[in-house]
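Engineer: Pasted the sequence and its predicted model underneath.
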Amino acid sequence: MADRKRTILDAAISVIARKGVRGLRVEEVAERAGVAVSLLYYHFDNRSGLIRATLKHANERAAQTIEHLDGGQRSGAELIVTMLLAELEDPVQARELSILWSEVMAAAFFDASLREQLAQASQRSSTLLADAVWRGQEDGSIAALGAPNDLAALLTAVVDGISARSLAGLITRERARELLAMSVASLLGINNAVVTP
């Protein structure tokens, strides 16, 4: 992906994280990215195309982080814990991605076109999580016998809910990490020592 396009998409993530999908203005994204508005329309056709591309870009950033975390040295259980706890990190990028996903999921209640975009955009990270579940079942670090795709979908729902509560200020980040670790241990039958945040 060209650097300028990546800069625009990173700016869109930042704007959505601050103002929501409904508050996204193409002009503000262009200003934040330091480019002309016409360049956004050249790359993305319209506001909807920009949102679609932003979702895909955000998911690819998250998937690259997951792939970077792996390195093939961890058990499946360790990889899952690392992947999911990364969702609750403090750095701006992790927080922006978390807010973006929460915002887009909320907006999808009212905008059916976002549902399909959200499902497509999240496919890569869902596959990576399911692969980690399968690895953990194979290496014995996960005792749960369910289908990896089903367990990955359940874990995703848990992290989304806990993350949303943390972002809304209903629980602290530390408490969110504790709850997520307990949920992962319980759902996957993982030794508590592996999931301690």
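Structural biologist: It's in.
Engineer: Could you measure from the spatially closest residue to Ala164 that is not a sequence neighbour over to Ala143?
Structural biologist: Spatial nearest neighbour of Ala164, chain neighbours left out: Ser102 (4.9 Å); criterion: C-beta to C-beta, 6 or more residues apart in numbering. Where you see a C-beta, it was placed from the backbone N, CA and C, and this is true even at glycine. According to C-beta to C-beta, to the nearest Å, Ser102 stands 31 Å off from Ala143.
Engineer: So the two - more neighbours on which side?
Structural biologist: Ser102 (20 against 12; other C-beta atoms under 10 Å).
Engineer: list the contacts for that one?
Structural biologist: Ser102 is in contact with 160, 163-164, 167, counting by C-beta atoms under 8 Å, 6 or more residues apart in numbering.
Engineer: can I get the residues you listed in TSV with secondary structure, distance to Leu187 and neighbour count?
Structural biologist: Output for the contacts of Ser102, formatted as TSV (DSSP: H, G, I helix; E, B strand; the rest coil; distance: C-beta to C-beta, whole Å; neighbours: other C-beta atoms under 10 Å):
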residue	secondary structure	distance to Leu187	neighbour count
Asp160	helix	14	15
Ser163	helix	16	23
Ala164	helix	18	18
Leu167	helix	22	19
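Engineer: which one of the residues you listed sits closest to Leu179?
Structural biologist: Leu179 has its nearest neighbour among those in Ser163, at 10.4 Å by C-beta to C-beta.
Engineer: Do you know the pLDDT at the closest one?
Structural biologist: At Ser163 the predicted local confidence, pLDDT, stands at 87.
Engineer: Look up how far Gln64 lies from it.
Structural biologist: Taking C-beta to C-beta, one finds Ser163 at 19 Å from Gln64.
Engineer: and which of the contacts of Ser102 is nearest to Ile16?
Structural biologist: Leu167 (13.2 Å).
Engineer: can you tell me the helix or strand for Lys56?
Structural biologist: helix 47-70 (DSSP states H and E).
Engineer: Show me what secondary structure element comes after that helix.
Structural biologist: helix 76-86.
Engineer: Give the buried residues for the lengthiest helix in the chain.
Structural biologist: For the chain, the helix with the greatest residue count under DSSP state H is helix 112-139. By neighbour count with 16 or more other C-beta atoms under 10 Å, helix 112-139 contains the buried residues 114, 117-118, 121-122, 124-126, 128-137.
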